[in-house]
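J.: quick one, structure for this:
(4 chains, ligands or ions: 6)
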Amino acid sequence: MTPPPTPVSVAAPGRDRGPVPGTTRADWQSDQEVRWCPGCGDYSILAAFQFALPDMGVRREDVVVVGGIGCAARFPYYVDSYGLHGIHGRAPAIATGIALANPDLSVFVVGGDGDLLSIGGNHLLHALRRNVDLTILLFNNRIYGLTKGQYSPTSEQGKVTKSSPRGSEDAPLHPLSVALGADATFVARTHDMDRAHMVETFRRAHAHRGAAFVEVLQNCNVFNDGAYAEITSKSAREEMVIPLRQGEPIRFGPDGSRGVVLDPDVGAVVVDVADVAEDALLVHDETRDDPGIAFALSRLAPNPDAPTPMGVFRAVERPVYGIATSPGPPPGRDALGALLHSGSTWTVG
Amino acid sequence: MTPPPTPVSVAAPGRDRGPVPGTTRADWQSDQEVRWCPGCGDYSILAAFQFALPDMGVRREDVVVVGGIGCAARFPYYVDSYGLHGIHGRAPAIATGIALANPDLSVFVVGGDGDLLSIGGNHLLHALRRNVDLTILLFNNRIYGLTKGQYSPTSEQGKVTKSSPRGSEDAPLHPLSVALGADATFVARTHDMDRAHMVETFRRAHAHRGAAFVEVLQNCNVFNDGAYAEITSKSAREEMVIPLRQGEPIRFGPDGSRGVVLDPDVGAVVVDVADVAEDALLVHDETRDDPGIAFALSRLAPNPDAPTPMGVFRAVERPVYGIATSPGPPPGRDALGALLHSGSTWTVG
Amino acid sequence: MLDDTDVTVGGSGGKPSEEVTGVVIRLAGDSGDGMQLTGNQFTAVSALAGNALSTLPDFPAEIRAPAGTLPGVSAFQVHIAGHEVTTPGDAADVLVAMNPAALRAELPKVVPGGTVVLNTDAFGERDLRKAGYDVDPRDTGDLEGFEVVEVPMTSLTVTAVKELGVKSRDAERSKNFFALGLLCWMYHRDPEGVRSWIRDRFNGKDQVLAANLTAFEVGLNFGETTELIPVTRVVPPVVREPGTYRSISGNTALSWGLIAAGQLAELPLFLGSYPITPASDILHELSRHPGMGVRTFQAEDEIAACTAAIGAAFAGDLAVTTTSGPGLALKAEAIGLAVSLELPLVVVDIQRGGPSTGLPTKTEQADLLQAMFGRHGESPVPVVAASRPSDCFDAAVEAARIALAYRTPVILLSDGYLANSAEPWRLPAVESLPDLRVGFATEPNHTAPDGTPEFWPYLRDPDTLARPWAVPGTPGLEHRIGGIEKADGSGDISYDPANHQRMTELRAAKVAGIAGTVPPVEVQGDAEDPEVLVVGWGSTWGAITDAVERVRAGGRRVAHVHLRHLNPFPPNLGEVLADAPRVLVPEMNLGQLALLLRSTFLVDARPVNKVAGQPFTAAELVVELEKILD
Amino acid sequence: MLDDTDVTVGGSGGKPSEEVTGVVIRLAGDSGDGMQLTGNQFTAVSALAGNALSTLPDFPAEIRAPAGTLPGVSAFQVHIAGHEVTTPGDAADVLVAMNPAALRAELPKVVPGGTVVLNTDAFGERDLRKAGYDVDPRDTGDLEGFEVVEVPMTSLTVTAVKELGVKSRDAERSKNFFALGLLCWMYHRDPEGVRSWIRDRFNGKDQVLAANLTAFEVGLNFGETTELIPVTRVVPPVVREPGTYRSISGNTALSWGLIAAGQLAELPLFLGSYPITPASDILHELSRHPGMGVRTFQAEDEIAACTAAIGAAFAGDLAVTTTSGPGLALKAEAIGLAVSLELPLVVVDIQRGGPSTGLPTKTEQADLLQAMFGRHGESPVPVVAASRPSDCFDAAVEAARIALAYRTPVILLSDGYLANSAEPWRLPAVESLPDLRVGFATEPNHTAPDGTPEFWPYLRDPDTLARPWAVPGTPGLEHRIGGIEKADGSGDISYDPANHQRMTELRAAKVAGIAGTVPPVEVQGDAEDPEVLVVGWGSTWGAITDAVERVRAGGRRVAHVHLRHLNPFPPNLGEVLADAPRVLVPEMNLGQLALLLRSTFLVDARPVNKVAGQPFTAAELVVELEKILD
Ligand SMILES: Cc1ncc(C[n+]2csc(CCOP(=O)(O)OP(=O)(O)O)c2C)c(N)n1
Ligand SMILES: Cc1ncc(C[n+]2csc(CCOP(=O)(O)OP(=O)(O)O)c2C)c(N)n1
Ligand code: SF4
Ligand code: SF4
Ligand SMILES: [Mg+2]
Ligand SMILES: [Mg+2]
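T.: Residues are numbered from 1 along each chain as shown, chains lettered A, B, ... in the order given. Ligands and ions are numbered 1, 2, ... in the order given. As a prediction, this is how the structure comes out:
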């Protein structure tokens, strides 16, 4: 194997730049006016992201945020780093090119449920299975926001929208199940009403080497207001959020009265702890190599009207895509001459 | 809800056509020369398909086979029914249009691992989650055949091909895991060395209402010969094929000496039956609503060098896409006049 | 501009009023202020009042950019008149500005001496700063030369509405209905029509309904009582052909044209689409009409939308796919498949500003060459364009006619301006609409050497060169088609060089042959001996028509040809061009039709280009015409 | 044809031999028979022998259609000569047919009086039937007028090889090496070269190696001993400029051109690609050169391939994406993004027969207009074409030069014929290759009103109009770019109409300005006072050059211009066209360059079209030239 590439260029910045300077949230706020609707959940996610960045130990110049098209995908404009606002659905592929070209960068992908699961579903799938070194944030508002309110691939069946006046017939995709179906190495869920949880989730996702996938439940107050109200509102959380904590039995509810077990006849199910032996509870382990149990957890609460696991579902190590086959730097004209003259040649004169 | 559409047209064939005439394999063989390489596994799949059709109770004129591009995707030419050889990756979408336009048809999609999981992965995902009434056969030879041997999205990591001289770095997708990640309602696996199993699997897939997905392990003897030799050869099968039988504990091997259990610390695992209580074995149930356990089974043997489940992983009922929102027939000019004059109008003169 | 001011003829609420032949009104506010709704409703009541009219919605790409800022300004312009109008007007006679940003962005579009109605409640210091004003423009010379009417719309509305127990935030939202009331009073619109529309529209949302109705009444009453507006204006109804009329936008007309085509062809209509501005409204409209035999399929992307439509066409539906430029680019390969399969397919492109994401909510005509050539290989596709909102109906029927009769994809071009602007439309008699029925094949059409009857999917109709359309479900016609080159006639895969040459030529000849069923172009204006011929296509129709008339009124000889068919061209176009000493081609692109005319006819067609996301004004074209005539 | 037959000058193995200035050999057999391998190896030894040469591989779309059938025939034609040649030859002097299907398919391509070498072992009754022969063609008049040489190649091979203990099925597979041996003997090729190549190529596969070597020797010996071939032929070496030469195919030359560009620009090369015939070999070749700073990314589809390349370009690589027509269609939207982002990107299209899947293994030039116009909006892209296999190297370097210097996507057109055919190439001195280095931005380039230095990503170089290339990782230049219209200079999102007009014009002007760095076209043939000017582009170069020379040899005045740059055109092209009384444009499409020339220069450029999946022969063009000159 050839050595990993150094990001070579005639004018590449030197790589030995000393310790990473400390930053604050303000350092990550760009000068561009934020143009989401007042009250949009995207604001709080942006804030959490900008709060999380100083903790990630990265330089501003080494961060690249890539978006496709959609309200969520406007994200890159608002982060004071390098950014690319691409075309609808293609952000994971664009980001793959960036990450391969320069593995020293921290590359984030931000997109909506339409961007990353409808037109861009395949790129997402392949970025995840390849384990490209990306942090992918899917803002799931279960609607097409920017195009003014059609149902999305995560909308619930029967949803009445501009394009489904009689109710949508499509069964929704569940982002985490799709990601685990692609054997994604880091899979997590958080939501726009809990800044601390977002900050911690973003930090961990970034720290993961390889493709990290985070579903962020997001409220679109204009076209799908209250989609997650039954879960994410402060008052509902105790009953409705199942926190996933590494190494701990999965429990939630008042006094941890409820929990999750793996029933070989059914799958992962929520139970009253009182009804089962306490040690029957599933112990959460992000690091299981087999994604089967993480997948089972992803099937809890297919709609946001039942207790919903929040946190890191899976975090396993696999080789990061592109490292093993990294090319060397371009060796220059002499090597080119050698290539041209390699193999069968003949000389005249 | 309006009633389901009748396939209306000025010259539509009458729908009351009496009992379905019996057919034999020969009735399903088209006059087109079959142009696969001698020895290709596609031949035996074609034969099994043509053997299965007479059992499906369908008329020749009601069958439509749709392919994308690839060796596998040439399939439509060889079946004497209606057929469409489309463009690379788009067969599931083309077929969706056909199935929606005429729900009386039996629409099959045939494609390779490149066609249906690389360029066409997203269309596959969405056809499955919508539960379009299709029977989708993915011939997985873990290689790009028609373009002469590049690695495919199901090729094993490290595979040396024309486009990966140093070994492919991509982790493979597992077709059944992807399908279950999309909550597919019918998911099965069979292989090109076992005609009886193929025939039965195709028959069941066709009988399923909604999207049926079948992975057919297929040998490409030119570019990836022996990919499944460790599993599918007659001599290996007893040790390496895990037959899935509805309602029965999952066992295989000489005298059923091995079996599968669901281990909450790991996932689905193969055990020596002697080492566990017999009733600890996982009882196979295709009809579990939650895809979690079927998914766990799909993770057994991620590479074809370990015991591999064969048969129907999942078969559940969900509304067939497009039926509830079927339009009526076009009502004609008078209704058009009424539409034009509906709402606010004014009259001059 | 005020088209023409007539004598003072009477009064509204005791105020004097004058008759004008036409007026251009521009409403501007925040994206959240409901300017589009207000504008559309004012248009609707004006239509009912029998005025001629033309509208221009002009909104930003964000759902709601930050309140009070320039990027958030959403505007709506309407031209109402007592004579036929073809454009929304060069400039506004009246601007209603709901905040300083709206004033700042829109004032340049007001005629000198025009009226500017301001919502003074929104002129606080923060509001001014957000709009980039250092000083209140009312205190500078900025508004000099305009008639400024200052109205505290927000507070008047809130005061009245709060009495209903509505929260003041919600009450504030009704202020656009105040503006609507005021406008209705200023132009003598019948308030009853608006009232019943409000009742309908907000049916079930009692608080909102009551608030909006109240705001509307307060606006009306304010007009009656204020001294600020001394004179009201009457725009008389236009003299029109007898018939039943409705106000229609381009996208609705296009949707209805597709629905009509389904009835005329007696085929179910299948729409495969993926939402995209400014085409989404066609998906929305069509999804409301299952009773008309319409199925809409919201696909996972544009490629799936188009290929699903191809599948539906194979199965016997009238198949349609709708999109805008980026989506048309994505469908390129699939359209090529439809060319090769020779199946009917209508591909609708509502053009918007490009390249790439460009200006998604703005208009442009820069996809013509993509429509012509945006596929690999020799892949000819007929191209048809609509020229005004109501014409979208006819253009859709024509596109479907060609697609069905010739078994070919057809690209139908509209644009963001046509899509959203509206005009009165005289409803066609349904009996007068063409018969689009084409029979499906039902029998074998060929005999094998051994005498058995066979079905050959590529045996062509000798007139149209169309191949037979045999749909799955038809016994005895089982056959296979695909994108690989096929043998002329039998349709079997063929790599034979001579066959490929023949099939390539046949596909081209089939499309070229459509010209035989295309009516010759009609020359408007001075058909004989023009000094200059203006050739246009698409939504420039209005501005060109108006400009040509103005220049002709000045005594010059100008001809105008407007193309519905861009591929193939109408049969007599070459002659018409050859007869003109100069040819001018105004387009909202860098000269795409001009390029086609130049290469096809070797005439020196000179482009006049505007690529600004905005339609031409007639005034701009008058300048260009005068330049070339100098 | 035999270019020219010279005196008998000597012998091979005691046989008399004659010198010929050139010969065209065609090898044909089943897809599985290894005809391409055999042809390429014969080409290689002929190159080493110092001949001029040109090849034409011609294979079916299936991997292996059923053995013995017409669709399964795979052919390879090579023209070797003692003088420069530019085409693989109008027709074959010698056909080696490994089975009846090959004979049937290829006999029409043999000159009258030509030699036909048959593998008689393959002429059993079943073989004949599979090829569609009712009667053995050797027993009919079919072969009259040809010199037929019947050789039982299979049995001779099997007998010899079986002695090595090889199974007869495997032994049979070596028969192409028998044919190679026989050909080497017939044309006095140095067997040692072939032997060492066989040893290399089959290194590690002992049985196969031994079998193939043996078969080769048997073929050689058969020539020596047989009475069937009384005369051997000597093709003398061509007189060539001094230098080091190698035989190279278009796709290899193109790959190496890209590798060269990486060195010349001192940038890593990033290839994003998805396999597709006939472009895949570039992916294969580039994937073998990580040591040259090349990374290949086999993407999930063409859109991902192109957008990943765009990402890599943003990050500072020399980014490339390779495909054929269907893939170019899919990349349309992404290329539009690159236009808007103004990032360097080389898009390679190896054209094949279309539309749709078309004739995937055959050649065509029908993607030119797609390259020009296949995107929505005004989306100008420079287009460059290669004209012969070795020229693919230079064309790739030129495409990279333009992409880098102007920060723009560039489309590089080659085709299936160039891709697979080979010719000798005089290796350039690496010092003579251009410097493609362009600096990355390292410093702010603008000052904010308050005096702070800023980086403006759309501040242009006044000469090239290129914007600065600031790559992530560079401190202080953090910025955001995207596909929405951006403000001239700052690059912030802008919906301002005047700005959109300006940016649209700037993007067009940037591409138009490239003409300033493009050398003027050189006129070949009769530059002064030609009777006709032939304008070509791409792989027609060889056939046009040959045809023009033939017609000139007949005393007519013909000029030839061959375009490397299709957008923008070279600066003097208009003049050259204006000077010609007639302009003829031969293309393997229905007249795409002709359309561009007509619209750009208003000249009556007349198309000569061939869309048969096969290159023009010089003879065909001679006919066309004579027609126009009559
Ligand atoms: C190729 C293409 N197709 C369609 C669109 C229109 N479009 C823009 S954003 C969007 C979906 C937005 O939904 P989502 O991704 O969920 O983002 P959100 O706005 O909800 O954050 C669509 C369909 C486009 N810009 N480009
Ligand atoms: C748009 C497009 N891209 C690429 C190709 C080239 N292509 C044809 S088949 C194929 C993949 C074949 O692999 P698979 O689908 O696994 O089928 P197999 O041949 O192995 O049966 C590719 C890449 C194409 N025809 N069209
Ligand atoms: S439309 Fe919805 S998602 Fe988009 S900015 Fe507004 S509230 Fe947010
Ligand atoms: S290449 Fe492989 S998959 Fe294709 S026909 Fe040949 S053996 Fe079968
Ligand atoms: Mg969304
Ligand atoms: Mg395959």
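
J.: out of the helices and strands in chain A, which is least certain?
T.: Ranking every helix and strand in chain A by mean pLDDT, DSSP states H and E puts strand A:346-348 at the bottom, with a mean of 90.

J.: quick one: contacts for the residue nearest the centre of chain C?
T.: With the centre of chain C defined as its mean C-alpha position, the nearest residue by Cα atoms, centre = their mean is C:Leu418, 1.5 Å away. Residues in contact with C:Leu418, defined by Cβ atoms under 8 Å, 6 or more residues apart in numbering or on different chains, are C:Gly250, C:Ile350, C:Thr363, C:Ala386, C:Ser387, C:Arg388, C:Pro389, C:Cys392, C:Gly538, C:Ser539. All C-beta atoms are positioned from the backbone trio N, CA, C, and that covers glycine.

J.: count the neighbours of the residue lying closest to A:Leu53 once chain neighbours are set aside for me.
T.: If the residues on either side of it in the chain are set aside, A:Leu53 comes closest to A:Trp28, at 4.8 Å by Cβ to Cβ, 6 or more residues apart in numbering or on different chains. In terms of burial, A:Trp28 registers 22 neighbours under the definition other Cβ atoms under 10 Å in any protein chain shown.

J.: check C:Glu163 too.
T.: 10.

J.: gap between it and chain D?
T.: When distance is defined by Cβ to the nearest Cβ, to the nearest Å, C:Glu163 is 40 Å away from chain D.

J.: in stretch A:16-27, which residues are buried?
T.: Applying a neighbour-count criterion of 16 or more other Cβ atoms under 10 Å in any protein chain shown, one finds A:Thr23 buried in stretch A:16-27.

J.: ok, now stretch C:572-592?
T.: Neighbour-count burial for stretch C:572-592, counted by 16+ other Cβ under 10 Å, picks out C:572-573, C:576-577, C:580, C:583-592.

J.: which two among those are spaced furthest apart?
T.: In terms of Cβ to Cβ, those reach their longest pairwise distance at C:Asn572 and C:Leu590, which sit 27.3 Å apart.

J.: could you point out the helix or strand that follows the strand or helix carrying A:Asn122?
T.: Counting by DSSP states H and E, the element that carries A:Asn122 is helix A:121-130. Using DSSP H and E, the helix or strand that follows helix A:121-130 in sequence is strand A:134-140.

J.: show me what that next one is packed against.
T.: helix A:41-52, helix A:91-101, strand A:106-112, helix A:113, helix A:121-130, helix A:195-207, strand A:212-217 (3 or more Cβ pairs under 8 Å, 6 or more residues apart in numbering or on different chains; DSSP states H and E).

J.: so for A:Ser163, which of these sits nearest?
T.: Proximity of the helices and strands packed on strand A:134-140 to A:Ser163 was assessed by Cβ to Cβ; the nearest stretch is helix A:113, lying at 14.8 Å.

J.: tell me, how many neighbours does whatever residue of chain A ends up closest to ligand 2 end up with?
T.: Across chain A, no residue is closer to ligand 2 than A:Asn122, which sits at 13.3 Å (Cβ to the nearest ligand atom). The local packing count at A:Asn122 equals 30, with neighbours defined by other Cβ under 10 Å.

J.: part of a strand, is C:Gly29?
T.: Yes - the secondary structure assignment for C:Gly29 places it in a strand, going by DSSP: H, G, I helix; E, B strand; the rest coil.

J.: need the pLDDT of the nearest residue to C:Leu345 once chain neighbours are set aside.
T.: If you skip the residues right next to it in sequence, C:Leu345 has C:Pro409 as its closest partner in space, 4.1 Å away by Cβ to Cβ, 6+ apart. Predicted confidence (pLDDT) at C:Pro409: the value is 98.

J.: and C:Pro409, what does it touch?
T.: Shown here is C:Pro409, whose contacts under the criterion Cβ under 8 Å, 6+ apart are C:Ile335, C:Ala338, C:Val339, C:Leu343, C:Pro344, C:Leu345, C:Val346, C:Val347, C:Val381, C:Ala403.

J.: what residues are up against C:Val149?
T.: Listed by Cβ under 8 Å, 6+ apart, the contact set of C:Val149 reads C:Thr115, C:Val116, C:Val117, C:Leu118, C:Leu228, C:Ile229.
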